[in-house]
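Undergrad: predicted coordinates and the sequence they were generated for:
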Amino acid sequence: MEFELRELVVGKESFNKLLNADLPVKVSYRLSKTIKKIEEELKHFDVNRIELIKKYGETEDNIHYTVKKENMESYVKDMEELFTEKVDINVTQVTLTEIENAKLSSVDMSNLSKLIKEE
């Protein structure tokens, strides 16, 4: 299934909430495999995000970076390009019935919509 990196970044909390929900063992297993793949993509995203901050930023201690004001427009442009990068992740979808006890908000459901299949 194709995702934009933005969808993964925005949905990270919702993925973790679903992963930590008390669900049937088979559903938990399938979700953990899917979310592990998502987490791998997010790791690659973070590496690239940090590189952009270093590229456009400055530091006084080689640990904390701040994007320079004169570089902000270029930084935002590159971040937007990174956010719109598409990745293909082999997901195993679940049904609403399988996750009905997960106590998810409307925002969570929206973030998780690609992981949920119609019954």
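TA: Happy to help now that I have it. Numbering: from 1, shown residues only.
Undergrad: could you measure from the residue of the chain most remote from its centre over to Thr66?
TA: Most distant residue from the mean C-alpha position of the chain: Glu60, 30.1 Å away (C-alpha atoms, centre = their mean). Computed as C-beta to C-beta, to the nearest Å, the Glu60 to Thr66 distance reads 9 Å. Where you see a C-beta, it was placed from the backbone N, CA and C, and this is true even at glycine.
Undergrad: ditto for Asn101
TA: Counting by C-beta to C-beta, the gap from Asn101 to Thr66 is 44 Å.
Undergrad: likewise Val27?
TA: For Val27 relative to Thr66 (C-beta to C-beta), the value is 43 Å.
Undergrad: neighbour count winner among the two?
TA: Each of Val27 and Thr66 has its neighbours counted (other C-beta atoms under 10 Å); Val27 has more, 18 against 11.
Undergrad: any idea which helix or strand comes after whatever helix or strand Ser14 lives in?
TA: Here Ser14 sits within helix 5-19, counting by DSSP states H and E. Past helix 5-19, further along toward the C-terminus, the next helix or strand under DSSP H and E is helix 25-56.
Undergrad: now for the very next helix or strand once past that next one, which elements pack on it?
TA: With elements assigned by DSSP H and E, the helix or strand that comes after helix 25-56 is strand 57-59. Counting contacts by 3 or more C-beta pairs under 8 Å, 6 or more residues apart in numbering; DSSP states H and E, strand 57-59 is packed against strand 65-67.
Undergrad: other residues contacting the strand it packs on?
TA: Ile53, Lys54, Tyr56, Gly57, Glu58, Thr59, Tyr75 (C-beta atoms under 8 Å, 6 or more residues apart in numbering).
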